[in-house]
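Asker: using only what follows, build the 3D model:
(one chain, ligands or ions: 1)
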Amino acid sequence: MKSPNTAKVIGIEGYRFSEQTSERLEIANLAIKLQQTLEIAPLLQSFCAETAAIIPCDSVRFANKSRDLFFQTGEEQLHRCRYRLALEEDDLGEIECTRQQPFTIKETQAIENLLSLLIYPLRNALLYQKAVAEAHRDPLTQIANRAAFNEALNREICAFNRHHTEFSIMVIDIDYFKQINDTYGHLVGDQVLKEVATTIRNTIRRSDEVFRYGGEEFVVILSNTNIAGARFIGERVRRELKQLAFKNYEQLQVTASIGIAASNTLVDADKTLHHADKALYEAKNTGRDKVAVYA
Ligand SMILES: Nc1nc2c(ncn2[C@@H]2O[C@H](COP(=O)(O)OP(=O)(O)OP(=O)(O)O)[C@@H](O)[C@H]2O)c(=O)[nH]1
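Answerer: Predicted coordinates:
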């Protein structure tokens, strides 16, 4: 097994390593804590809190802009020391400690010792986070997939059961999609799916998420939305999809049928998806290019 010192030398730019540290015990504890999680938030929380406890700091901040990660403990002050963390080609982010008094060389060396403990656990956590995100994303449309939907729906049902937070579900199914594939080919079919996903995402609220549920079927969970609000949004989605135009395929027109249901205090919230599906069948069976509401 590699000693942590190897990681220090590879991992930190502009880094000068000192074998001397007066906080060996805290450092050993921190090393153990950092090995215990693959979740980014608890990992960085432990690191920021322990660093501030070992080396008197007013704030410790971590940022990784490309991954949209940001953590901070305490309030920023004038004097700061900042490190960019990198492992081989991988940019892991930046750590900055601040306080009212300047840092001594001994203290910056101690911070560097702590950072060397963070490098590998942080890289592992970032890899894990990427793998989890990919497992929840549809590779074609880049929107969330069915696994992500199941988790989001469970969260919504729990919130409804606990606090009666109303929600609606909208199931959107492209009409005659098989014909689109047969007439224009699968690559154009794939392009249609991507455009439909983007259009739905751009039409709903930013706080609502669209999922690719299956082949040409999409689902949206509308939090805090009653049936009237959901119908309004459903109509808007239907109209926007109908207006989609495809370069080089002027004849290609896309329409979708939409089924909507709202959670109901008198009925098990688990049934909301099933009800939206029933409404979708009604929209399909009564002409398509329609919004139908489960009543
Ligand atoms: N291009 C492409 N086609 C897909 C994908 N996933 C599913 N499909 C196709 O989607 C089509 C769905 O066809 P059907 O279930 O018959 O539905 P439909 O033709 O849309 O008819 P209605 O829903 O009744 O209006 C099938 O031909 C599938 O092969 C995909 O990722 N890309």
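Asker: wait, E96 sits on R82?
Answerer: Yes - applying Cβ atoms under 8 Å, one finds E96 in contact with R82, separated by 4.3 Å. Using the backbone N, CA and C atoms, a C-beta is placed for each residue, glycine as well.
Asker: and these two? Which one has more around it.
Answerer: E96 (17 against 12; other Cβ atoms under 10 Å).
Asker: and the more buried one, backbone torsions?
Answerer: E96 adopts backbone torsions of phi -130, psi 130, taken as degrees, to the nearest 10.
Asker: tell me who's in contact with it.
Answerer: 59-61, 63, 80-83 (Cβ atoms under 8 Å, 6 or more residues apart in numbering).
Asker: switch to 7 Å and redo it
Answerer: Taking Cβ atoms under 7 Å, 6 or more residues apart in numbering, we find E96 in contact with 61, 80, 82.
Asker: close to the ligand: what parts of the stretch 101-250 of the chain are there?
Answerer: For the stretch 101-250 of the chain, the contact set with the ligand under Cβ under 6 Å from any ligand atom comprises 140, 173-179, 181, 186, 189-190, 193, 215-216.
Asker: so what's S22 scoring on pLDDT?
Answerer: Note on S22: pLDDT of 53.
Asker: roughly how far does the residue nearest to A147 when sequence neighbours are not counted sit from the ligand?
Answerer: Once flanking residues are discounted, A147 sits nearest to H136: 5.7 Å by Cβ to Cβ, 6 or more residues apart in numbering. Distance, H136 to the ligand, using Cβ to the nearest ligand atom, to the nearest Å: 17 Å.
Asker: isn't H136 up against Q142?
Answerer: No - counting by Cβ atoms under 7 Å, H136 stays clear of Q142, with 11.3 Å between them.
Asker: what about these two, which has more around it?
Answerer: Each of H136 and Q142 has its neighbours counted (other Cβ under 10 Å); H136 has more, 18 against 12.
Asker: tell me who's in contact with that one.
Answerer: 144-145, 147-148.
Asker: go with 10 Å
Answerer: 143-152, 211 (Cβ atoms under 10 Å, 6 or more residues apart in numbering).
Asker: how many neighbouring residues does Y294 have?
Answerer: Neighbour count of Y294, defined by other Cβ under 10 Å: 21.
Asker: need the longest helix for the chain.
Answerer: helix 105-135 (DSSP state H).
Asker: in the following helix or strand past that helix, what's buried?
Answerer: Scanning forward in sequence from helix 105-135 by DSSP states H and E, the next helix or strand is helix 146-163. For helix 146-163, the neighbour count (16 or more other Cβ atoms under 10 Å) marks 148-149, 152-153, 156-157, 159-160 as buried.
Asker: can you list those in TSV and add distance to K33 and pLDDT?
Answerer: Below are these laid out as TSV (distance: Cβ to Cβ, whole Å; pLDDT from 0 to 100):
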residue	distance to K33	pLDDT
A148	30	96
F149	34	96
A152	31	95
L153	34	95
E156	33	93
I157	34	92
A159	32	91
F160	36	91
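Asker: can I get those in JSON lines with distance to G259?
Answerer: As requested, the buried residues of helix 146-163 are exported to JSON lines (distance: Cβ to Cβ, whole Å):
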{"residue": "A148", "distance to G259": "20"}
{"residue": "F149", "distance to G259": "15"}
{"residue": "A152", "distance to G259": "18"}
{"residue": "L153", "distance to G259": "15"}
{"residue": "E156", "distance to G259": "17"}
{"residue": "I157", "distance to G259": "18"}
{"residue": "A159", "distance to G259": "22"}
{"residue": "F160", "distance to G259": "19"}
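Asker: does stretch 262-278 come close to the ligand?
Answerer: No - using Cβ under 6 Å from any ligand atom, stretch 262-278 stays clear of the ligand, coming no nearer than 12.4 Å.
Asker: once you drop chain neighbours, what's closest to D289?
Answerer: That would be T255: by Cβ to Cβ, 6+ apart, it lies 3.9 Å from D289.
Asker: please apply the same query to E282.
Answerer: A292 (4.2 Å).
Asker: which residues touch the residue positioned nearest the centre of the chain?
Answerer: Nearest residue to the geometric centre of the chain (Cα atoms, centre = their mean): A133, 6.6 Å. Residues in contact with A133 (Cβ under 10 Å, 6+ apart) are 67, 144, 148.
Asker: quick one: G93 is in a helix?
Answerer: No - if the criterion is DSSP: H, G, I helix; E, B strand; the rest coil, then G93 is strand and not within a helix.
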